[in-house]
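**Student:** Just to be clear, the model below is a prediction. Sequence and coordinates:
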Amino acid sequence: MSAQLNQHLGKKLRLRRTSLGLTQTQVAQAINVTFQQIQKYEKGTNGVSSARLLQLSSFLKVPIKYFFEDYQDFNEANTNISAPQNLNYSFLVKLFADLEPVEKNKILELLKDNNKDLKKVI
C-alpha cells in the first residue's frame, strides 16, 4: 500500500473520529488496538488492514468507501461504473416503480417541461 494512500486513510480516520468527538483511546478500545496504533494510522505511518478498516467503518458508522472518497485513484476507478450499478440510480428507479400511475405521469410531464426549458437555454 502506498504511503500516499496510508496518509489519506489516516486523514479520513482522524476527520471522522474528531467529528464524532471521540478520542484515539476510545477508537483503539473499540477495535482492540492501542491508542498508539491509532496515532500511527492517522499519521499514515502504518497501513490499515482490510479487517481493521472494516472494524473502523463499523464503529465510526461510515461505509468502507468513506475512507477512499477524495482519493484520486479511487475516483478514477469509479468513473467507469455504469448507471444501473449506481446505488442512487437504483434507489430512484425503485421509488419510481412503486408510484401510482398518476404520480408517474406527473413526474414524466414535469421532466418533459424541464427538458423543453433546458433546450431553450441551450
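**Tutor:** It's in.
**Student:** What is the neighbour count of Ile107?
**Tutor:** For Ile107, the neighbour count with other CB atoms under 10 Å is 11. Backbone N, C-alpha and C define where each C-beta goes, glycine included.
**Student:** can I assume it is in contact with Leu95?
**Tutor:** No - with contact defined as CB atoms under 8 Å, Ile107 does not count as touching Leu95 (10.1 Å).
**Student:** per the record, what domains does the protein have?
**Tutor:** For the chain, automatic domain parsing gives the domain ranges 3-78, 83-121.
**Student:** element containing Glu42, please.
**Tutor:** Using DSSP states H and E, Glu42 falls within helix 35-43.
**Student:** who does that helix touch, helix- and strand-wise?
**Tutor:** On a contact count with 3 or more CB pairs under 8 Å, 6 or more residues apart in numbering; DSSP states H and E, helix 35-43 meets helix 3-19, helix 24-31.
**Student:** which SS class is Leu22?
**Tutor:** coil (DSSP: H, G, I helix; E, B strand; the rest coil).
**Student:** if we can go back for a sec, just send the domains of the chain back as CSV, with mean pLDDT too.
**Tutor:** Putting the domains of the chain into CSV (pLDDT from 0 to 100) gives the following:
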stretch, mean pLDDT
domain 3-78, 90
domain 83-121, 70
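**Student:** Deepest in the core, which of those is it.
**Tutor:** Ranked by mean neighbour count, the domains of the chain are led by domain 3-78 with a mean of 16 (mean count of other CB atoms under 10 Å).
**Student:** Next SSE downstream of the helix holding Glu42?
**Tutor:** Next in sequence after helix 35-43, counting helices and strands by DSSP H and E, comes helix 50-59.
**Student:** Lovely, talk soon.
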